[in-house]
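> predicted structure and sequence below. I'll ask about it afterward.
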Amino acid sequence: MTRNPTTFKSILWRQKAWLTAFPLVLAIGFSIAGATLLADAGAFSREGVRTNATVLDLESRRERVTGGDGGRVTRRHVTYRFALPDGTTQRNRDQVSSSFYDAHDPGDEIAITYLADDPGTAEVEQGNTRRDGLLFAGLALGFAGATGWIGQRYWRRASSMFRAVSRGERRRARITGHVDVTPPKAKDRRRKIRWIDDMQAEGESLAHDAATLSEWQVGDEIVIHVDPVTGARWWIADIQGAG
């Protein structure tokens, strides 16, 4: 059974509305990380216990970025030990900044803040938890905004196409030329076709793979659909796919 290529859902998918998933996932991830860090920062402020700890070890190593393009980053960690009120000691290992790493050596005494009911949660660089939380919260807002912008853009385009093909005016047009719109340094060439319709209105298509458009030549007749709300004119191959 062949799926109808002009349903709103199929048009929305073909216009790559699924791209909104990427900034949405990042927005959710950063918001969770930011909320967790800000909650920890609040706990440090309300319940944190200040004490001194002894640096046991400093470690710096290159690590591959998970889910990235194979790049690597340098991560630095400090292992330290401090005494608890009950006479026992607590040993923690936390990630630190390059400035902290460069300024300390094993055996140094450092000031830390830890949670009395969870000594494994501590802040080595004072105020960093809140700063990192605010940074992640800001990133979450930025990606949420990107999600809204991208989603609205694709939704508007798909809505216009659906109105045009389902209840808009159908026109014939003649191809007047091709225009290269390949981005700089891109490997795959991209082109648009230009046309003039039977109402003498000029227009152009969305960008497509150049090889795909090669079968449409200057002078060929194509079908255009007009959005009855906005007046936007869409080539049927933009709506259904040029492949």
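Alright, I've got the coordinates. Numbers count the residues shown, from 1 in each chain.

> max-length strand in the chain?
strand 48-64 (DSSP state E).

> can you give the contact residues for that strand?
With contacts defined as C-beta atoms under 8 Å, 6 or more residues apart in numbering, strand 48-64 is touched by 70-83, 91-92, 101, 104-116, 122-123. In this view, the C-beta of every residue, glycine as well, is placed from N, C-alpha and C.

> what about the helices in the protein?
For the chain, the helices defined by DSSP state H cover 8-14, 21-47, 98-103, 128-167, 210-213, 236-240.

> out of these, which one sits most buried?
Neighbour counts (mean count of other C-beta atoms under 10 Å) averaged over each of those peak at helix 236-240, with a mean of 20.

> quick one: mean pLDDT over it.
When pLDDT is averaged along helix 236-240, the result is 87.

> next one: it to chain centre, how far?
Here helix 236-240 shows a centroid-to-chain-centroid distance of 27 Å under the convention C-alpha atoms, centre = their mean, to the nearest Å.

> who does the helix or strand of the chain with the lowest mean pLDDT touch, helix- and strand-wise?
When the helices and strands of the chain are scored by mean pLDDT, DSSP states H and E, helix 8-14 comes last with a mean of 75. With contacts taken as 3 or more C-beta pairs under 8 Å, 6 or more residues apart in numbering; DSSP states H and E, helix 8-14 sits against helix 128-167, helix 236-240.

> doesn't residue 159 make contact with residue 230?
No. Between residue 230 and residue 159 there is no contact under C-beta atoms under 8 Å: 9.2 Å.

> gap between the residue in the chain sticking out farthest from the centre and residue 64?
What lies farthest from the middle of the chain is residue 87; by C-alpha atoms, centre = their mean that is 47.9 Å. As for residue 87, its distance to residue 64 is 42 Å (criterion: C-beta to C-beta, to the nearest Å).

> do the same with residue 32
Taking C-beta to C-beta, one finds residue 32 at 23 Å from residue 64.

> can you check residue 187 too?
Using C-beta to C-beta, which is the criterion applied here, residue 187 is 26 Å from residue 64.

> so those two - more neighbours on which side?
residue 64 (10 against 5; other C-beta atoms under 10 Å).

> what about the more buried one, distance to residue 11?
39 Å.

> before we move on, what about residue 56?
Taken as C-beta to C-beta, the span from residue 56 to residue 11 is 61 Å.

> go on, residue 21?
Using C-beta to C-beta, residue 21 is found at 17 Å from residue 11.

> repeat for residue 128
Distance, residue 128 to residue 11, using C-beta to C-beta: 47 Å.

> low-confidence bits of the protein, can you list those?
Scanning the chain for pLDDT under 70 picks out 1-6, 65-70, 242-243.
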